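Colleague: here is my input, please return the structure:
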Amino acid sequence: MAENLEEVRILDYRVELNKEIKNWIISQEEIPNYFWGKLKDVSSQTTFRELLNKVRKELYAIYGRKRDKARSFTDSRFTPLSKMLERGMISCGALTNIFGTVLRKFGIPVKFIHGRLKHQTGEDRHAWLEVYNPLKKKWFEIDPTYPDFKMKPDAKRIKVYHDWEELKKDYDEGNF
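Modeller: The predicted structure follows:
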């Protein structure tokens with residue numbers, strides 16, 4: 001990971017952000033209380049990496065032995081977050097949605113990235129996040145499907161979305 005995620009703390013996001021960056025904090029998804037309740041009291045001193053690890057730990061504690069990889073591309077992207085959590089979804093689209101929504105709830109600007117890995121063909125796609133670093137005033141990528149959150153070197157961006165609802169329009173038109 002190019003970014004030193006131990007430098008950035010949740011409190012670092014309590015700075016004045018310009019309107020364009022603030023837009024990436026807005027979320028249409030609701031996080032179920034049983035999940036948010038395990039995360040909401042995280043200290044503002046918590047580093048970004050610690051927050052990511054906490055989200056993963058609590059998510060997998062809720063999932064238990066459930067590990068649903070999603071039935072299709074549309075299932076991975078367009079299932080409501082609450083249903084993703086109920087089913088234990090671990091697809092890249094689901095994890096991007098879950099992590100992105102949680103980070104936004106903490107006031108962290110996040111972009112949803114729709115892309116592809118080099119070996120993928122047909123409708124196979126990959127998803128990850130781009131997150132704003134307020135200390136460096138730049139965006140960096142993380143992949144919530146991998147334990148270290150590192151990007152795979154063969155990941156190729158197709159398009160940036162605010163959320164998967166935006167992608168749905170492109171998908172319905174065959175432009176994905």
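
Colleague: just the strands in the protein please.
Modeller: Under the criterion DSSP state E, strands of the chain are mapped to 110-117, 126-133, 138-142, 155-161.

Colleague: highest mean neighbour count out of those?
Modeller: strand 126-133 (a mean of 23; mean count of other C-beta atoms under 10 Å). In short, each C-beta sits where N, CA and C put it, glycine included.

Colleague: re earlier: the strands of the chain: which one's closest to residue 37?
Modeller: Nearest to residue 37 among those is strand 110-117; the distance by C-beta to C-beta comes to 21.0 Å.

Colleague: tell me what that closest one is packed against?
Modeller: In terms of contacts (3 or more C-beta pairs under 8 Å, 6 or more residues apart in numbering; DSSP states H and E), strand 110-117 is packed against helix 92-105, strand 126-133, strand 155-161, helix 164-172.

Colleague: so which elements touch the second one?
Modeller: In other words, strand 126-133. helix 92-105, strand 110-117, strand 138-142, strand 155-161.

Colleague: now the ones you listed as JSON lines including mean pLDDT?
Modeller: Formatted as JSON lines, the helices and strands packed on strand 126-133 follow (pLDDT from 0 to 100):
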{"stretch": "helix 92-105", "mean pLDDT": "98"}
{"stretch": "strand 110-117", "mean pLDDT": "96"}
{"stretch": "strand 138-142", "mean pLDDT": "95"}
{"stretch": "strand 155-161", "mean pLDDT": "95"}
